[in-house]
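Trainee: Attaching a predicted model along with its sequence, questions to come.
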Amino acid sequence: MGHQTVHALDGVSLTVEEKEFLGVMGPSGSGKSTLLYLLGGLDRPTAGHIWVRDQDLTTLDEDGLAVYRRQEIGFVFQFFHLVPTMTALENVEFPMLFARVPPVQRRERARHLLEAVGLADRVDHRPTELSGGEQQRVAIARALVNDPAIILTDEPTGNLDSRTGAEVMQVLAQLNQEQGRIIVVVSHDPSVIEFTSRCIHLLDGRITDMSVSP
């Protein structure tokens, strides 16, 4: 910013365990989203390393990062990013086009995932015909299509009322508990903590607290 250097993250060292549900809390500008985008291979760090199992993300080129994101990561954002002209089923199918999954398998898997998140009766509805919570469930189903080991979520309840937000968090918790997927959820909403197994707090790019959730 002009002549001033801003460290979005400053000396952060963190290990996320297999099958963990990690919460990342902090006010706006604390570095939460930057941390998430680094873990997801969307941004590159200016220093340090990011290891996912035995792979150092900082050594990958753009094609390597694209493969990593497609095979290992599912993203869920605050803004659902659904294609408005597509049905829920078509939105969930969409990422599988890039993985070259045959059409019949795409349709079957998308339908199964929508059923898994409680939307069996909404498969033919477009985003404008769905509530906010239903749209976020479609986004979660879409994040699962390539069977990622890691789900990264950025303010997944930010556009939802408290009841609907809790329902969405329960869906994520079930994915963690029943399927063993690693979940990392970034939020400023303190009610998210009850769904996590551990929570870290960021302030000005640094970890200020790290605790096991109740």
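Mentor: Sure thing, it's come through. Numbers count the residues shown, from 1 in each chain.
Trainee: next one: phi and psi at residue 210?
Mentor: The phi/psi pair for residue 210 (degrees, to the nearest 10) reads phi -140, psi 120.
Trainee: Burial check on it, number of neighbours?
Mentor: 11 (other CB atoms under 10 Å). (Glycine included, C-beta is placed from N, CA and C.)
Trainee: what residues are up against the spatially closest residue to residue 89 that is not a sequence neighbour?
Mentor: Across the structure, with CB to CB, 6 or more residues apart in numbering as the measure, the residue nearest residue 89 apart from its sequence neighbours is residue 123 (4.4 Å). For residue 123, the residues meeting the contact criterion (CB atoms under 8 Å, 6 or more residues apart in numbering) are 87, 88, 89, 110, 111, 114.
Trainee: same check, this time on residue 183
Mentor: When contacts are counted by CB under 8 Å, 6+ apart, residue 183 touches 20, 21, 22, 150, 151, 153, 172, 173, 175, 176, 196.
Trainee: how about the residues you listed in CSV, adding neighbour count, secondary structure and distance to residue 52?
Mentor: Compiled in CSV, the contacts of residue 183 are given as follows (neighbours: other CB atoms under 10 Å; DSSP: H, G, I helix; E, B strand; the rest coil; distance: CB to CB, whole Å):
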residue, neighbour count, secondary structure, distance to residue 52
20, 17, coil, 13
21, 23, strand, 17
22, 22, strand, 14
150, 18, strand, 8
151, 23, strand, 13
153, 26, strand, 17
172, 25, helix, 20
173, 17, helix, 22
175, 21, helix, 18
176, 20, helix, 17
196, 25, coil, 20
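Trainee: so for stretch 135-152, what's the average pLDDT?
Mentor: Mean pLDDT, stretch 135-152: 92.
Trainee: same thing with stretch 71-91?
Mentor: Per-residue confidence for stretch 71-91 averages out to 91 on the pLDDT scale.
Trainee: Off-centre distance for that stretch?
Mentor: 11 Å (CA atoms, centre = their mean, to the nearest Å).
Trainee: Quick check: buried residues in that stretch?
Mentor: By neighbour count, and taking 16 or more other CB atoms under 10 Å as the criterion, the buried residues in stretch 71-91 are 72-78, 80, 82, 87-91.
Trainee: tell me how far the ends of it are from each other?
Mentor: Between the opening and closing residues of stretch 71-91 we find a distance of 18 Å, counting by CA to CA, to the nearest Å.
Trainee: do stretch 22-29 as well
Mentor: Stretch 22-29 stretches 19 Å from its first residue to its last (CA to CA).
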